[in-house]
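[1] Quick check, what structure comes out for this input:
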Amino acid sequence: MKFGSAFSALFCFILSGLMLAQTAGSSSATDAAPVKDPVATGLRTLLTHSRTNTLGAIKAMPPDKFSYQPTPQQMTFAHLVVHITGFNNSFCAKAADVPAPKVEEPKETDGKDKLLAAATASYDFCEDALGKMDDSKLGDDIDLFGGHRAARATAVLILAGGWADHYSTAAMYLRLNGILPPSAQPKK
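    Numbering: from 1, shown residues only. Sure, this is the predicted structure:
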């Protein structure tokens, strides 16, 4: 049951991004012109949502709660931010076929400002890298990590799924601390 719920949420996240990308600039889906590079375009749309929500969640968490972890088996909020940063830098590079940035890796012991800056920089990198991406290399065989090989399209799917997973985890940590996550805030 838990897997089904997570899969459903991921599917809806990806589908909404692809639908937004396909209908951007048109009044309805029926009169939308075909989109050049629909996968890259959809991924860039998902990036915008992930960036807004995930960085919003990091900003919303009070500095003294970055050491928060719901159970001893779960990562701290700070560790989640470190993970998000490395994930973005690695998988955006793989998806777009560009070198990963040479950055000083943040540490779980870093303060909120430094962790937020590192996460923001990773989203900046993704925006730049994915801005150069097209669909022509999605079939290329690449090293995903640790010698595991797959089509470049797999990195794209991992990115989309990872962004949904990371934000849902951050949102859960916020809610467990009595803070309403960005996507649940009332619309203005």
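[2] what residue is smack in the middle of the protein?
    Trp163 (2.7 Å; Cα atoms, centre = their mean).
[3] mind checking the SS state of that one?
    Here Trp163 is recorded as helix under DSSP: H, G, I helix; E, B strand; the rest coil.
[4] Skipping adjacent residues, who's closest to it in space?
    Ser50 (3.7 Å; Cβ to Cβ, 6 or more residues apart in numbering). To be clear about C-beta, it is placed using only N, CA and C from the backbone, and glycine gets the same treatment.
[5] you'd agree the one you found is up against Gly161?
    No: judged on Cβ atoms under 8 Å, Ser50 makes no contact with Gly161 at a distance of 11.0 Å.
[6] Tell me the confidence at the residue nearest to the centre of the chain?
    The model reports Trp163 with a pLDDT of 98.
[7] can you check Ala155 too?
    pLDDT at Ala155 comes out at 97.
[8] isn't there a helix covering it?
    Yes: with three-state DSSP as the criterion, Ala155 is part of a helix.
[9] Please tell me I have it right and it contacts Phe91.
    Yes: under the criterion of Cβ under 8 Å, Ala155 makes contact with Phe91 at 5.4 Å.
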